[in-house]
Each structure stands twice: as structure tokens, then as C-alpha cells.
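**Q** no sequence on this one, just coordinates:
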């Protein structure tokens, strides 16, 4: 089987989604990118997660051409493709899209997820951004492709690996990471902090955001050259 490693990694990551409770029905997909061959594996459209095999994953080149696969790739494939084009140099190897409920609530409200506590700091350096509203022309034109355009706009001047998540306004979350498992973990972390933020805002509509010195402490003890969390 060609592209075996990314096929298997992609299938495994997609099958994790329902186990985390992040998806309803088939509302979610994962892709995994191979920078050497400039192709990525992605979930086929509408296939149940418990039926997925590595052979089912569709292989797509960054140019948009389907390289291998008998099934139709996810309808979100152009979004994944452009995210890889925009963010691969930063280390992004996998992209996850879900309609997880708490994160979607912020996307539908058109609000970023504020950084209110250290759980958030451990995964996301600052607030999780929300994109601008897509224009009529973008929606009626190359909708999925331009979804990634507004994502890239939201990260101008910001390292996407410092905040591996975004909310597409009126739509839902995309996350990414250095592997399929890490991208799914980031999607799960995003849903957790979104739920925590909703609860905190229901108690106090104007809570204090985490001060920079506390954000720095928690984020950089897990990320970067001087990280000391966990085992070597």
C-alpha cells in the first residue's frame, strides 16, 4: 500500500474522534501531511468512523490532485490543503476539523475563546482567535478554499503552533499539530477550555484574563527549548 505511514496515522487519528466525544454523526475529519512527498491523507466524505480503514484514506497532493483513493475525499479537503500550504513550514503535519459543541458555541457567537486560566495556557498562547465573517463571494465561490484564507488572515503575525486552533465564524473549530494524535489532542483541549470559559462567563461575564507572566510560565514550561514538563 502506497503512503502506508500517513494512511495509517490518518485512519487512527480519525477513529479517535468519536472516542473523545468531539463529533456527532460524521461531523469531523482529520488529515495527515507528508512534507517530503507534498501529499496528505484525509478521511473520505461521509464514511462512518467505525468502518474506516487505512486503505480508505484518500491521498491528495498539495496541488489539489487526488493521487490515490477509490472514495471521494472529505468536502473540507480544500481547507486542509490550504492550511498545509500556509502553515506547514511552522511544523503543522495534521489538521482536525470538528463541530464540537462548546467550541462551535463561540464560533456561532463570533467571539474568540478568552484565556481565563492555566488549563488554557498549557495549550494555547493567548486567546483562540475567531475569523472574520466570510463574504458572499467567498461562500458562493471557492468556499472551502477561502475558509482557509480567513484562517490564515487570523494568524497574520502569529505563530500557528503557539495557538494550534481557530474558530471559523458561524462554522466551527479547526485545530492542528505535529502529528495526527497531537492534532486530535489539541481539538480535545480546545473543547475543554471552551466549555470552561462558557461556565466561567456564566458566573462572571467580565472575568480577568490570565496575566502575561502566568501565561508565559504555563505555556513555556510545556513548549519551546526550555520546557521542563513531562519526561525527556
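**A** Happy to help now that I have it. Keep in mind that this is a model prediction, so the values were computed, not measured.
**Q** Is residue 75 in contact with residue 144, as I believe?
**A** Yes. With contact defined as C-beta atoms under 8 Å, residue 75 reaches residue 144; the gap is 6.6 Å. (Each C-beta comes from the backbone N, C-alpha and C, glycine too.)
**Q** Of those two, which one has the most company?
**A** Between residue 75 and residue 144, residue 144 has the larger neighbour count (other C-beta atoms under 10 Å), namely 15 against 12.
**Q** From residue 141, how far off is the residue lying closest to the more buried one once chain neighbours are set aside?
**A** Distance criterion C-beta to C-beta, 6 or more residues apart in numbering; nearest residue to residue 144, sequence neighbours excluded, is residue 78 at 4.0 Å. Applying C-beta to C-beta, to the nearest Å, the value for residue 78 to residue 141 is 11 Å.
**Q** between the two, who's got more neighbours?
**A** Taking other C-beta under 10 Å, residue 78 and residue 141 do not tie; residue 78 has more neighbours (19 against 11).
**Q** Do I have it right that residue 107 meets residue 167?
**A** Yes. The criterion here is C-beta under 8 Å, and residue 107 meets it with residue 167 at 4.1 Å.
**Q** Comparing those two, which residue is more hemmed in?
**A** Between residue 107 and residue 167, residue 167 has the larger neighbour count (other C-beta under 10 Å), namely 28 against 24.
**Q** right, and the helix or strand after the helix or strand hosting that one?
**A** Per DSSP states H and E, residue 167 falls inside strand 165-168. Using DSSP H and E, the helix or strand that follows strand 165-168 towards the C-terminus is strand 172-177.
**Q** Give me the buried positions along that next one.
**A** For strand 172-177, the neighbour count (16 or more other C-beta atoms under 10 Å) marks 172, 173, 174, 175, 176, 177 as buried.
**Q** Packing partners of it?
**A** Applying 3 or more C-beta pairs under 8 Å, 6 or more residues apart in numbering; DSSP states H and E, we find strand 172-177 packed against helix 77-87, strand 94-98, helix 101-109, strand 165-168, helix 180-203.
**Q** what angle do it and helix 77-87 make?
**A** Interaxial angle of strand 172-177 relative to helix 77-87 (axes from the mean of the first three to the mean of the last three C-alpha atoms, to 10 degrees): 50 degrees.
**Q** wait, what's in contact with the residue most central in space within the chain?
**A** Taking C-alpha atoms, centre = their mean, the centroid of the chain lies closest to residue 175, which sits 1.2 Å from it. Neighbour list for residue 175: 95, 96, 164, 165, 166, 183, 184, 186, 187, 190 [criterion: C-beta atoms under 8 Å, 6 or more residues apart in numbering].
**Q** Which pLDDT value goes with it?
**A** Per-residue pLDDT puts residue 175 at 98.
**Q** Roughly how far does it sit from residue 72?
**A** In this structure, residue 175 and residue 72 are 24 Å apart, going by C-beta to C-beta.
**Q** for residue 57, same thing?
**A** Residue 57 sits 12 Å away from residue 72, going by C-beta to C-beta.
**Q** now residue 16
**A** 22 Å.
**Q** Surely residue 132 and residue 150 touch.
**A** Yes. Judged on C-beta under 8 Å, residue 132 makes contact with residue 150 at a distance of 5.8 Å.
**Q** Of these two, which one has the most company?
**A** residue 150 (19 against 11).
**Q** Name the nearest residue to the more buried one, ignoring sequence neighbours.
**A** Spatially, and ignoring its direct neighbours in sequence, residue 150 is nearest to residue 131 (4.1 Å; C-beta to C-beta, 6+ apart).
**Q** Give me the number of neighbouring residues for the one you found.
**A** 24.
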